[in-house]
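K.L.:
Need the 3D shape of this:
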Amino acid sequence: MAWTEAEAQKTANEVLKRAASDNEFRKLLLSDPKAAVAKVDPTPLPPGFKIKAFDNNHANATVVLPDMVTDGELSDAELEQVAGGGGSANRCGGSCAASCVFSSIF
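P.N.:
Down below sits the predicted model:
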């Protein structure tokens, strides 16, 4: 069974809620994010999908850097994404709702 966008958002919200109130779950999320997510929703994450969780430590902002561009130039489609603010369905080609939701949260 694949993740839907609604399921991914619901799971992400529950993960964050539990991490704010359950210290053991928070420790698990920091040390093994996939295991923590599986405690909330057993639906397997897409192959190769990675989750990183960071303790806020009262930071004012956390900045997630984009992937490196390897060929030195953005394609026209990538430029359109930046200029047009392409929606989350476009970020991953619509193939992975979990990727779009979780990458915006973790």
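K.L.:
Report the helix or strand with the lowest average pLDDT across this protein.
P.N.:
helix 88-91 (a mean of 46; mean pLDDT, DSSP states H and E).
K.L.:
any idea how far stretch 75-84 is from the chain center?
P.N.:
Centre-to-centre, stretch 75-84 and its host chain are 21 Å apart (CA atoms, centre = their mean, to the nearest Å).
K.L.:
Is residue 77 in a helix, a strand, or coil?
P.N.:
Counting by DSSP: H, G, I helix; E, B strand; the rest coil, the backbone at residue 77 sits in helix.
K.L.:
which one's the longest helix in the protein?
P.N.:
If you go by DSSP state H, the chain has its longest helix at helix 5-21.
K.L.:
Quick one: list the elements packing against it.
P.N.:
Here helix 5-21 touches helix 23-31, helix 33-40, helix 97-105, going by 3 or more CB pairs under 8 Å, 6 or more residues apart in numbering; DSSP states H and E. Placement of C-beta: from N, CA and C, glycine included.
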